[in-house]
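Undergrad: Here is my input; please provide its structure:
(2 chains)
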Amino acid sequence: MKSWSIALVLACALPSCVTINIYFPAAAAEKAADKIIDDVWQLKNGAGKPSTNTVEP
Amino acid sequence: MKKILFSVLLLGAMFASQMVVAAADLEVNTPAITAIKGSMQSRHAQLAPHYASGAVGLTKDGMVAVRDANAVPLKDRAALNGTVAAENADRAKLYKEIATANGHPEWQAEIQSTFASRWIDKAQGGWWVQGAGGWTQK
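TA: Alright, predicted model coming up:
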């Protein structure tokens, strides 16, 4: 019983040591990219879409 | 036997819950990132007409490039090149900043390629984007 408890504690503690992401969090990166792109291109805050009309540059 | 099975299940649940924690959001709210974003946001007003005219396109590596200089009057070309260079410098800084802000400078390339596909996905109809086979108009 005791050895099981120890194993349990270890099993909980070990992954928390490797929680520092080693793999690339693709989904989180995509979410972050979307958020930043929406801000830069002002796609989602009532400001409307950036002007596409071809004004003389 | 039952106890062992229970323990195994419990362990599985614990590992699973910690994997979820590990897949949390990326940090993108540092002062450096906010500053780069602001600079890109104000430059977008200058770039948007060039995206629409096809003078500038979105590259497959998450940058922008002068695609058709002829779409711009000769006198404005130098300024356009400068704007594109400044935008690319900001983008490179942005990708690097996100990687370092999350404690993984080695993620820079992957972040850049994630952005590349998201920029292209979100590009408006009529804009030029670079695919594996070259430039195409959305």
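Undergrad: B:Tyr57: which element?
TA: No Tyr there; residue B:57 is Gly. For B:Gly57, the host element (DSSP states H and E) is strand B:56-58.
Undergrad: any idea how far that strand is from the chain center?
TA: 14 Å (C-alpha atoms, centre = their mean, to the nearest Å).
Undergrad: who does it pair up with?
TA: Partners of strand B:56-58 in the sheet, by DSSP bridges, are strand B:64-66 (antiparallel), strand B:128-131 (parallel).
Undergrad: Quick one: those as a markdown table, columns for mean neighbour count and mean pLDDT too.
TA: C-beta here means a position set from N, CA and C on the backbone, and glycine is covered the same way. Converted to a markdown table, those look like this (neighbours: other C-beta atoms under 10 Å in any protein chain shown; pLDDT from 0 to 100):
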| stretch | mean neighbour count | mean pLDDT |
| --- | --- | --- |
| strand B:64-66 | 17 | 98 |
| strand B:128-131 | 18 | 97 |
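Undergrad: would CSV of those strands with distance to B:Thr34 be doable?
TA: Output for these, formatted as CSV (distance: least, C-beta to C-beta, whole Å):
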stretch, distance to B:Thr34
strand B:64-66, 21
strand B:128-131, 27
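Undergrad: could you point out where chain B is predicted with low confidence?
TA: Low-confidence segments of chain B (pLDDT under 70): B:1-2, B:6-23.
Undergrad: If we use 80, what do you get?
TA: Scanning chain B with the threshold set as pLDDT under 80 gives B:1-24.
Undergrad: List the residues that contact the most centrally placed residue in chain B.
TA: Closest to where the C-alpha atoms of chain B average out (C-alpha atoms, centre = their mean) is B:Phe115, at 2.4 Å. Neighbouring residues of B:Phe115 by C-beta atoms under 8 Å, 6 or more residues apart in numbering or on different chains: A:33, A:36-37, B:62, B:91, B:94-95.
Undergrad: Show me just the buried residues among the residues you listed.
TA: With neighbours counted by 16 or more other C-beta atoms under 10 Å in any protein chain shown, those contain buried members at A:33, A:36-37, B:62, B:91, B:94-95.
Undergrad: biggest separation within these, which pair?
TA: Greatest spatial distance among those (C-beta to C-beta): A:Ile37 and B:Tyr95, at 12.6 Å.
Undergrad: Quick check: the gap between B:Met40 and B:Ser113.
TA: 18 Å (C-beta to C-beta, to the nearest Å).
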